[in-house]
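Asker: return a 3D structure for these sequence lines:
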Amino acid sequence: MRTPLDHFLLTSFALCGLLRLARFNITTDSVPKDANGKAKYFEGLPTPTSLGIVSLISFWVSKGWIHDQLPFGVFAEGSIFEFHPAALIFVAHGCLMISKTFHVPKP
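Answerer: Predicted coordinates for the structure are as follows:
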């Protein structure tokens, strides 16, 4: 994932992680609490769930699926819009991290 558009998509994922952590610090008081005073849910996916993507990428590397052999191939190869659709996994996860309406119940 080394095209300029890949870099943009992956940077947006990192920025979503930063926004998620910043919002968590700001909104902890506004999330509904249970009887013990703990928040009932997370707003958006917690940042540590990104380890799932790390596991997926590790699996791909163990299979030798790197560089030009990434799953889902390359889209618009040779144009300025060239990117690896696998980068969209990061975009989707980033969007779920900053979502205000996606609630993950706390254990």
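
Asker: okay, and residue 42 sits in which element?
Answerer: Using DSSP states H and E, residue 42 sits within strand 41-43.

Asker: now do the buried residues in that strand.
Answerer: Neighbour counts using 16 or more other Cβ atoms under 10 Å place 42-43 of strand 41-43 among the buried residues. Backbone N, C-alpha and C define where each C-beta goes, glycine included.

Asker: and the longest helix seen in the chain, how far from the chain's centre?
Answerer: Counting residues, the longest helix found in the chain (DSSP state H) is helix 4-27. The chain centre lies 8 Å from the centre of helix 4-27; the measure is Cα atoms, centre = their mean, to the nearest Å.

Asker: quick one: mean pLDDT over stretch 89-102.
Answerer: Averaged over stretch 89-102, pLDDT sits at 95.

Asker: got the CA positions of that stretch in CSV?
Answerer: Coordinates of each C-alpha in stretch 89-102 appear next as CSV, following Å, rounded to 0.1, in the frame of the first residue of the first chain:
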residue,chain,number,x,y,z
ILE,A,89,-10.6,-1.8,5.7
PHE,A,90,-8.7,0.9,7.5
VAL,A,91,-11.1,3.6,6.4
ALA,A,92,-14.1,1.5,7.5
HIS,A,93,-12.6,0.8,10.9
GLY,A,94,-11.6,4.5,11.3
CYS,A,95,-15.2,5.6,10.5
LEU,A,96,-16.5,3.1,13.1
MET,A,97,-14.0,4.5,15.7
ILE,A,98,-15.3,8.1,15.3
SER,A,99,-19.0,7.2,14.9
LYS,A,100,-21.2,8.8,17.5
THR,A,101,-24.2,6.4,16.8
PHE,A,102,-22.3,3.1,16.9
